[in-house]
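# Quick check, what structure comes out for this input:
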Amino acid sequence: MLEAIAGVEDPELGVGIVDLGLVREVTFSAGRLSLRIATTSAVCPFGAELARQVRDALQAHFHGVSVDVSVGYDPTWSPADMTTSARQKLGWL
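A predicted model of the protein is given here:
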């Protein structure tokens, strides 16, 4: 499932939200896929746009499945949530 949204990037960092560790919770039940994502900051103005992009990508990948995406900040994001690949891309290694 994460491969379906791997191409959704944080618009400020230019790194995918999966590699940034922004996907917080995924549940699937009775034909409904629910995700909770975070942004790198609670004041990030792109939360709604990221949620829309994730929803669109999942609906395109999983036809006939209802998709719900919410943005939450508990736990807050930390650079420790990033993959090694994301750290390398940002020059943090």
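
# so who does A38 touch?
Applying Cβ atoms under 8 Å, 6 or more residues apart in numbering to A38 gives the contacts 22, 24, 71-73, 76-77. The C-beta positions use only the backbone N, C-alpha and C, and glycine is treated the same way.

# same check, this time on D68
Counting by Cβ under 8 Å, 6+ apart, D68 has contacts 32-35, 55.

# Over to R55?
R55 neighbours (Cβ under 8 Å, 6+ apart): 67-69.

# Name the nearest of these relative to D10.
For the contacts of R55, the residue nearest D10 by Cβ to Cβ is V69; the value is 14.9 Å.

# ok, the closest residue to T83 other than its chain neighbours to V8 distance?
Nearest residue to T83 in three dimensions, chain neighbours excluded: D19, at 4.6 Å (Cβ to Cβ, 6 or more residues apart in numbering). D19 is 10 Å from V8, where distance means Cβ to Cβ, to the nearest Å.

# And for H63?
18 Å.

# quick one, which of the two is more surrounded?
Of the pair H63 and V8, V8 is the one with more neighbours under other Cβ atoms under 10 Å, namely 23 against 6.

# in what helix or strand does the nearest residue to that one once chain neighbours are set aside lie?
Leaving aside its chain neighbours, V8 sits nearest to Q53 (4.7 Å; criterion: Cβ to Cβ, 6+ apart). Taking DSSP states H and E as the criterion, Q53 maps to helix 47-61.

# Likewise for V26?
Element membership of V26 [criterion: DSSP H and E] is strand 23-29.
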